[in-house]
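Enquirer: no sequence on this one, just coordinates:
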């Protein structure tokens, strides 16, 4: 038998087109709403979402 390698966890790069910028904007808005949502009891989780939103904002500012 030969070994088979699956592509689990394979990532693709962003910025292949204008559709990817729209996806980044959607993710940015999603992280912002999750960071502002008080139903998440854990403050560290809200900070994580805010940090991810700030990272996406920087990426979006550099591309636009």
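Expert: Thanks, I have it. As the structure is a prediction and not an experimental result, all values here were calculated from the model.
Enquirer: drop to CA atoms for contacts and neighbour counts, all remaining ones
Expert: Noted.
Enquirer: spatially central, which residue of the protein would that be?
Expert: Closest to where the C-alpha atoms of the chain average out (CA atoms, centre = their mean) is residue 27, at 5.4 Å.
Enquirer: measure how far the helix or strand where that one lies is from the centre of its chain, please.
Expert: Assigned by DSSP states H and E, residue 27 falls within helix 18-36. Centroid separation for helix 18-36 versus its chain: 7 Å, with CA atoms, centre = their mean, to the nearest Å.
Enquirer: buried set for that helix?
Expert: 21, 24-25, 28, 31-32, 34-35 (16 or more other CA atoms under 10 Å).
Enquirer: would JSON lines of those residues with pLDDT be doable?
Expert: Shown next, in JSON lines, are the buried residues of helix 18-36 (pLDDT from 0 to 100):
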{"residue": "21", "pLDDT": "83"}
{"residue": "24", "pLDDT": "89"}
{"residue": "25", "pLDDT": "92"}
{"residue": "28", "pLDDT": "95"}
{"residue": "31", "pLDDT": "93"}
{"residue": "32", "pLDDT": "92"}
{"residue": "34", "pLDDT": "89"}
{"residue": "35", "pLDDT": "90"}
